[in-house]
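**Student:** just coords:
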RNA sequence: GGCGGCAUGGCCAAGUGGUAAGGCAAAGGACUGCAAAUCCUUCAUUCAUCGGUUCAAAUCCGAUUGCCGCCUCCA
């Protein structure tokens, strides 16, 4: 089945046909590096990482470009506030971004260009726009002439008149039209600058993405992605700049991810209701966060809450429990002839790859894909004790292949479960030695059939969120 | 004011014309000395409301209500 993607430009799902067969050029707007990333950034980046992985899994040769916008008003403001050079801020937060993304297990893009390393390309692009009459210098600034570009607002599907009616646009004497936007900004005293034909200045927001995308992917490429909030003005302006300059279509498929909400409201810096990735990872495993972000379709809003994260944690644990069970049987090495239950598992195992790719082919429906995984998990649990080892190895392989695409369930099961236990253990108020002493005492009591004392100890520990697990091999424990 | 999106069981969440996936929670049962995990069973005759199209609609059309987003920096 062919991959279908929802294209913001056309407002509908379309079959994905690469411009050059077998190859995909994909550009995703990265971050403006002036602060720590929040989980909204985490979602956007995890989503496009998943898309990148899936396209590769389909055998496509993907060139993935994700930029750093490392010069911008907000960076300058932050630098002024902190009394440090602007590049100290940008370099610091590039480093922090990289660390966050690594913890979220993102694959590295093919290229991660920086705006400040492409100033000559940016200046050349602005000059070209001026030559073609799409831009004009005004003082030391250069603006894009929006009413000159015919397709302006075709992505966000608005028109200039309506935009102005209720808009809060500050009147700028230097602009011909209130909606014109800056391609180049003259430097005020004390601001960082580069030499240009219009004097000392810096690039405006938007132009760096046009310059860098064409450098790495050409004038026309397949996929451009980002958060929904970038549709206007950022992506609209990119289209205007790039298509005006090249005279060619800019992007074939525009993909936009939905927001992370807090109590159904958009999480954002300006509202102040945001959690940084680092804050969340103090309380939840990175894989849990990733699983949570992929548990809804990428275009839907997703509500961030403790309860939802806890659910993801439980769901992921359910999958890992099943995988750990497979590992244990494989390690034990005791084979079993096929049974009715194993036949059902065999059937599920044979169809899982198809069901997974059908879900993913439908505009990257990870929620449905995970549903299929859970379905397989139940079959695993049902058939685990009575399945041939050969079947269990195949199941393991199928899941590993899915896991590699989603970037979840990719850990060694026993290690994941241990990691979760360690994380919870570190939050306990009762020392491990005390738990073990109580377990030893309980073992004695149980041996003497003193179940009253045995249950007292179980209840005592349960109050502290410790659950005892009895088995033939003895008693272990876990944190509730 | 303009434009756009969403509304599915207690919660989360798939499902864009063919008769409601999956997860969490809950209840009963099996297993266990008791538990945990796991398995089995139950859990939306119904998809915000009202009309319409159709043999057939959660899915298409219209209206209403509610929530959200963009129009200003924002993933």
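**Tutor:** Structure received. Being a predicted model, the structure only gives us computed values, none of them experimental.
**Student:** Enumerate the positions of the strand or helix carrying residue A:67 that are buried.
**Tutor:** Using DSSP states H and E, residue A:67 maps to strand A:61-69. Of all the residues in strand A:61-69, those buried under the rule 16 or more other Cβ atoms under 10 Å are A:62, A:63, A:64, A:65, A:66, A:67, A:68, A:69. Any C-beta I mention is one placed from the backbone N, CA and C, and that applies to glycine too.
**Student:** Per-residue pLDDT of the third one, please?
**Tutor:** For residue A:64, the model assigns a pLDDT of 98.
**Student:** Who is it paired with across the strands?
**Tutor:** residue A:26 (DSSP bridges).
**Student:** That one against residue A:109, yeah?
**Tutor:** Yes: Residue A:64 is in contact with residue A:109 according to Cβ atoms under 8 Å; the separation is 4.2 Å.
**Student:** Now residue A:68. Nearest residue, chain neighbours left out?
**Tutor:** Excluding the flanking residues, the one nearest residue A:68 by Cβ to Cβ, 6 or more residues apart in numbering is residue A:114, at 4.8 Å.
**Student:** residue of the stretch 251-400 of chain A with the smallest distance to RNA strand B?
**Tutor:** residue A:371 (2.4 Å; Cβ to the nearest atom of the strand).
**Student:** no no, the stretch 151-300 of chain A
**Tutor:** For the stretch 151-300 of chain A and RNA strand B, the shortest gap (Cβ to the nearest atom of the strand) falls at residue A:227, measuring 1.9 Å.
**Student:** Next up, the contacts around that residue.
**Tutor:** Contact partners of residue A:227, counting by Cβ atoms under 8 Å, 6 or more residues apart in numbering, are A:29, A:40, A:44, A:256, A:257, A:259.
**Student:** What is the neighbour count of the third one?
**Tutor:** The local packing of residue A:44 (other Cβ atoms under 10 Å) involves 29 other residues.
**Student:** Within the helices and strands, which one has it?
**Tutor:** If you go by DSSP H and E, residue A:44 is part of helix A:39-57.
**Student:** ok so, going back, give me the common contacts of residue A:64 and residue A:109.
**Tutor:** A:28, A:52.
**Student:** Just the helices from the stretch 1-150 of chain A, written as ranges.
**Tutor:** A:39-57, A:73-82, A:86-103, A:119-131 (DSSP state H, counting those that start in this stretch).
**Student:** can you put those helices in a markdown table and add distance to RNA strand B and mean pLDDT?
**Tutor:** Listed next are these as a markdown table, based on distance: least, Cβ to the nearest atom of the strand, whole Å; pLDDT from 0 to 100:
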| stretch | distance to RNA strand B | mean pLDDT |
| --- | --- | --- |
| helix A:39-57 | 3 | 96 |
| helix A:73-82 | 6 | 94 |
| helix A:86-103 | 10 | 97 |
| helix A:119-131 | 16 | 97 |
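**Student:** State the pLDDT value of the residue nearest to residue A:69 when sequence neighbours are not counted.
**Tutor:** Take residue A:69 and drop its neighbours on the chain: the residue closest to it by Cβ to Cβ, 6+ apart is residue A:32, 4.3 Å away. With respect to pLDDT, residue A:32 has a value of 95.
**Student:** Much appreciated, bye for now.
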